[in-house]
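**Student:** Quick one: sequence and predicted model below, then my questions.
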Amino acid sequence: MDTHRGRWSPEARETLGRAAEPAEALPPGDVAGLITWICAAPPELVLNEVTVTPLLERGWP
């Protein structure tokens, strides 16, 4: 999800010129859908951690 981390003032966020490529930033709706699914999951499901990364992410440093 493209959050533009580090741009804390509204003016700085609005001046960001480029939109992220789909492979670089997950669509907010997809992330929201995952969160909704987690919230509605059956009670017997044990979920410790979920990591969501864009397609170009190749692993942890």
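**Tutor:** Okay, I see it.
**Student:** The protein: strands as residue ranges?
**Tutor:** Shown for the chain, no strands are assigned by DSSP state E.
**Student:** what about it, any weak spots by pLDDT?
**Tutor:** Of all residues in the chain, those with pLDDT under 70 make up the ranges 1-8, 12-20, 22, 55, 57-61.
**Student:** Try it again at 90.
**Tutor:** Scanning the chain for pLDDT under 90 picks out 1-31, 43, 46-61.
**Student:** what ranges do the helices span in this protein?
**Tutor:** Ranges of helices within the chain are 10-14, 28-40, based on DSSP state H.
**Student:** Using CSV, write out every CA atom in the last one.
**Tutor:** Spelled out, that is helix 28-40. This file holds the C-alpha atoms of helix 28-40, laid out as CSV (Å, rounded to 0.1, in the frame of the first residue of the first chain):
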residue,chain,number,x,y,z
PRO,A,28,-5.6,0.1,-0.6
GLY,A,29,-8.7,-1.9,-1.4
ASP,A,30,-6.8,-5.1,-1.6
VAL,A,31,-5.2,-4.5,1.8
ALA,A,32,-8.6,-3.6,3.2
GLY,A,33,-10.0,-6.8,1.8
LEU,A,34,-7.4,-8.8,3.6
ILE,A,35,-8.0,-7.0,6.9
THR,A,36,-11.7,-7.6,6.5
TRP,A,37,-11.1,-11.3,5.8
ILE,A,38,-8.9,-11.6,8.9
CYS,A,39,-11.6,-9.9,11.0
ALA,A,40,-14.3,-12.2,9.7
